[in-house]
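In: I'll drop the sequence and a predicted model, then ask my questions.
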Amino acid sequence: VFVVSDEMCMAVQCYLDYCRNLASPDTLMAEQRVDLSHVLGVEGGGTADCIIVKPGHLHVIDLKYGQGVRVSAEHNPQLRLYGLGALELMDMFGPFDAITYHIVQPRLDAISTWTEPVADAVAFGAEARAAVDQAVATIAAVKAAGMEIAYLTPGLKQCRWCRVKSECPALAASVEAAVGAEFEAMAATELSPISAKNADLVTRYSALALIEAFCSAVRSEVT
């Protein structure tokens, strides 16, 4: 249960106004499911918040309602993949020469846009396909060798949106190593890494955000 407040309505209205003003008088399609199987070679896809079709030009718009991280549209992999999905979905309205990506973050009062030729988007799709092929081959190889954890690298950025934090053996090992360290230095009041006495403490302190994210994921899974 969540409350649809006036603040929420105002923020979403900014996004709606932006999309409608950009689309007028052209075609606007909201919440379009895009299939990426033809791009990546594996089953997959996503939902484009808004696709606008103009003569020879596609616009893909993404609403980011959060206010924790400012996101740029430039070279944004998610939007570029959605753009490739939109190219196939809107093929009947083509051909298209360019795609413009938009990220609207009303709660940060931020709008980011970036345009690339369709040829560049297709080239990116080939790079993404090669990366997927490599990942699939690597996963199969490491599973056969029983060394999956060697390819898992925990970190605050890469773990932030991961849905399997609570099950990740590498993250669990990282947290266990940090928590299992000696905490005798916790009594110290100086947190400067300049001091050799507190160098380990500062290292542990820098790991707290990742540890807290792990704890939150485990708590959510148990709930």
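Out: Received it, and whenever you're ready, just let me know what you need.
In: Please make it C-alpha for all contacts and neighbour counts, starting now.
Out: Fine.
In: which stretches of the protein form helices?
Out: 6-23, 37-40, 77-89, 118-145, 156-159, 169-180, 199-206, 208-222 (DSSP state H).
In: Next, format those helices as CSV and append distance to A48, mean neighbour count and mean pLDDT.
Out: As requested, the helices of the chain are arranged in CSV below (distance: least, Cα to Cα, whole Å; neighbours: other Cα atoms under 10 Å; pLDDT from 0 to 100):
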stretch, distance to A48, mean neighbour count, mean pLDDT
helix 6-23, 13, 14, 93
helix 37-40, 15, 18, 90
helix 77-89, 6, 21, 93
helix 118-145, 16, 14, 89
helix 156-159, 23, 12, 80
helix 169-180, 31, 16, 75
helix 199-206, 36, 16, 65
helix 208-222, 27, 15, 80
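In: Could I get those in TSV, plus columns for distance to M29?
Out: Shown next, in TSV, are those (distance: least, Cα to Cα, whole Å):
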stretch	distance to M29
helix 6-23	9
helix 37-40	21
helix 77-89	11
helix 118-145	20
helix 156-159	32
helix 169-180	40
helix 199-206	44
helix 208-222	35
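In: and of those, who's closest to G68?
Out: Closest to G68 of the helices of the chain is helix 156-159 (Cα to Cα; 12.8 Å).
In: what's next to the closest one, contact-wise?
Out: Outside of helix 156-159, the residues within contact range by Cα atoms under 8 Å, 6 or more residues apart in numbering are K165, A209, L210, A213.
In: again with stretch 17-31
Out: T47, A48, D49, C50, I51, I52, V53, K54, I61.
In: Centre of the chain to stretch 58-69, how far?
Out: 11 Å (Cα atoms, centre = their mean, to the nearest Å).
In: check contacts around V218.
Out: By Cα under 8 Å, 6+ apart, V218 lies in contact with K165, S166.
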